[in-house]
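Chemist: Structure for the following, please:
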Amino acid sequence: MFRSPGLRRIELAFLGSILGIYANVVAVSIYAFHHGGATAVGLVMFARMGAAAISAPFMAGFADRHDQRRVMLATDLVRVGTLAATAAAAAAGVPAGVYGLAILTSIVSTAFRPAEASLIPRLAGTPEELTAANVTSSTFDSVGAFAGPAAGALLYAVGGATLAFVAVSVTYLWSALFVARIPTVEQPRPVAHAHEEAGGIAAGFRAVRSEPRLRIVIGLYSAQTLVAGAYSVLVVVVALELLDLGNAGVGFLQAATGVGAVVGALVALALVGRRRTAANFGLGLACFGAPLLALAALPRTWAAVVALGLLGIGNSVVDISAVTLIQRTASPAVSGRVFGLVEAAAVGGLGVGSVLTPVLLHLAGVRWTLATAGAILPLLSLVMRRALVSIDAGAVVPDDQLDAIATVPFLDVLPLQRKEALASALQRVELQGGTTLFSAGDPGDRLYILSRGTIEIDLPTGPKVETAPAFVGEIALLRNVPRTATVRVVADSTFWSLDGEHFLDAVTGHSRSRSSADALIASRGMAFSG
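Modeler: Residues are numbered from 1 along each chain as shown. From the prediction side, this is the model:
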């Protein structure tokens, strides 16, 4: 993945962004504690999370209506400015300014991740590259989860709030520098999706409502964030009350989860070749919940370290699988808004889980609360097993079809999502030698990709023999004219056939594909392969 300049730069930009986000959370929390105690910390965190959850679906719309690179760059530059202003407010001793700017930064930040997640599929050339990019994002997120807070706290201790906020501003500047160097890739804008682009946030809801696979994935992902919210409370209670490890024990157990998350990214990378992303998603859900059940049954320190390490592995597998499934399922025209809804659901799930858990602890105690929270995801993954299998069955595109698309130059330049959609629409055609594929003057309604065998094309200059791989039929479709040549099958052959509607929707909606097709037609001449 890192051999791709676009993917390398977007991932390094994400690293800067995520380090800044986590470091800023700690710096703001420490500042709030010193100026208002634990109550101020809670109120500021609640305000930031609430503002982010409400604004995420709206901010994500920018990723669909504008160039995602520009959205990410604008987000970074605004955050550089808000953090510089936060540093100034801290230096001037204006807590209200620090809190207000922290909330504004949280709102602005919600535009970055949907734009990044929508852009990655356009930069990835293969399904493996796409999953590997998501693995990298998850790994950087895990690194940021412990490196960001550690750096924020250290800088605060060394130089106070002003230095900490200036340093966070630098991380966003780092991100902006890499975003600015991401190569330009075209966003296809087919006419068929024009109504989705103009539909505002409602288009994102319609996309989720009309696609069962999206509903299943987002629903289960929301359930995982609910349990993650419970975990954020339970890890403190387990360390202090159940295992009596003291304050340092909280960090110790969280470190075990962080290490597990990094290992989980490697596990997800090893699972890429299986092409069973939804099954991996279900496995990750079970691995996130089951450790809490085990800890309820065996409340020992060594068991907690192993269990929470396994929970971290499950967390990475869930994140990577869910993002990959959404990227390959949501329409490119609304993917930003879909990811905005996902982000809002995730923040909401974390908030609800963290609020409900203290109530359950009061009513049932620590071990029963662990058992209850831990049972949710394994049960859901078991109940939804058939649905997850059906997602994999519908999402996997056989390599033969993708290989056939790759032999057509003006189709191979399309983004991965569009190539997979075209590959899924291909129909296999077997013809014996001596058969006429089509004759000059016939209506042109399909493109034919020859994957095995030999054909003969009647040209004014004489017959021309083509062997696999080859393709015929594009002229009649692009020029809206009858077939301009007769094509016969010389030896038993296998074709992949693509109907005109899918072909034209893809090619005419992407300028690079259309110009490549026009150049190819010009080089062949009007009498070559209509």
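
Chemist: Sort out which residues of stretch 363-383 are buried, please.
Modeler: 366, 369-378, 380-381 (16 or more other CB atoms under 10 Å). For every residue, glycine as well, the C-beta is placed using N, CA and C.

Chemist: can you check stretch 153-167 too?
Modeler: By neighbour count, with 16+ other CB under 10 Å as the criterion, the buried positions of stretch 153-167 are 153, 155-156, 160-167.

Chemist: Who are the contact partners of residue 76?
Modeler: Taking CB atoms under 8 Å, 6 or more residues apart in numbering, we find residue 76 in contact with 13, 17, 112, 172-173, 175-176, 179.

Chemist: try 10 Å this time
Modeler: Listed by CB atoms under 10 Å, 6 or more residues apart in numbering, the contact set of residue 76 reads 13, 16-17, 20, 108-109, 112, 171-180.

Chemist: Then residue 441 would be within a helix, right?
Modeler: No: according to DSSP: H, G, I helix; E, B strand; the rest coil, the state of residue 441 is coil, so it is not within a helix.

Chemist: How about the secondary structure of the closest residue to it other than its chain neighbours?
Modeler: Once flanking residues are discounted, residue 441 sits nearest to residue 482: 5.0 Å by CB to CB, 6 or more residues apart in numbering. Secondary structure state of residue 482, per three-state DSSP, is coil.

Chemist: before we move on, what about residue 466?
Modeler: Residue 466 carries the three-state label strand when classified by three-state DSSP.

Chemist: okay but it is in contact with residue 472, surely?
Modeler: Yes: judged on CB atoms under 10 Å, residue 466 makes contact with residue 472 at a distance of 7.8 Å.

Chemist: So the two - more neighbours on which side?
Modeler: Of the pair residue 466 and residue 472, residue 472 is the one with more neighbours under other CB atoms under 10 Å, namely 23 against 17.

Chemist: is it true that residue 19 touches residue 168?
Modeler: Yes: look at residue 19 against residue 168 with CB under 10 Å: they come within range, at 8.4 Å.

Chemist: what residues do those two have in common as contacts?
Modeler: With the criterion set as CB under 10 Å, 6+ apart, the overlap between the contacts of residue 19 and residue 168 is 148, 151-152.

Chemist: Closest one of those to residue 91?
Modeler: Residue 91 has its nearest neighbour among the shared contacts of residue 19 and residue 168 in residue 152, at 16.9 Å by CB to CB.

Chemist: Pull the number of nearby residues for that closest one.
Modeler: Burial measure for residue 152: 26 neighbouring residues, criterion other CB under 10 Å.

Chemist: residue contacts, it?
Modeler: Taking CB under 10 Å, 6+ apart as the definition of contact, the neighbours of residue 152 are 19-20, 22-30, 164-165, 167-168, 171.

Chemist: Check residue 180 too.
Modeler: When contacts are counted by CB under 10 Å, 6+ apart, residue 180 is found next to 9, 13, 69-70, 72-73, 76-77.

Chemist: Can you pick out the most distant pair from those residues?
Modeler: Taking CB to CB as the measure, the contacts of residue 180 have their most distant pair in 9 and 77, spaced 16.3 Å apart.

Chemist: on that earlier part again, okay, and which of the shared contacts of residue 19 and residue 168 map to helices?
Modeler: Secondary structure assignment (DSSP state H) places 148, 151-152 from these within helices.

Chemist: Can you give me the pLDDT of residue 371?
Modeler: Looking at residue 371, its pLDDT is 94.

Chemist: which residues in the stretch 301-450 of the chain form strands?
Modeler: Taking DSSP state E, counting those that start in this stretch to define them, one finds strands in the stretch 301-450 of the chain at 427-431, 436-438, 446-459.

Chemist: other SSEs contacting the second one?
Modeler: Under the contact criterion of 3 or more CB pairs under 10 Å, 6 or more residues apart in numbering; DSSP states H and E, the helices and strands touching strand 436-438 comprise strand 446-459, strand 487-499.

Chemist: Rebuild these as JSON lines, extending it with mean pLDDT.
Modeler: Listed next are these as JSON lines, based on pLDDT from 0 to 100:
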{"stretch": "strand 446-459", "mean pLDDT": "88"}
{"stretch": "strand 487-499", "mean pLDDT": "90"}
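
Chemist: picking up where we left off before, among the buried residues of stretch 363-383, name the ones in helices.
Modeler: For these, membership in helices holds for 366, 369-378, 380-381, with DSSP H as the criterion.

Chemist: and the closest residue to residue 466 other than its chain neighbours, what are its bridge partners?
Modeler: Setting aside the residues directly before and after it, residue 466 is nearest to residue 455 in space (CB to CB, 6+ apart), at 5.2 Å. Note on residue 455: beta-bridge partners by DSSP bridges are residue 466, residue 489.

Chemist: Many thanks, I have nothing further to ask.
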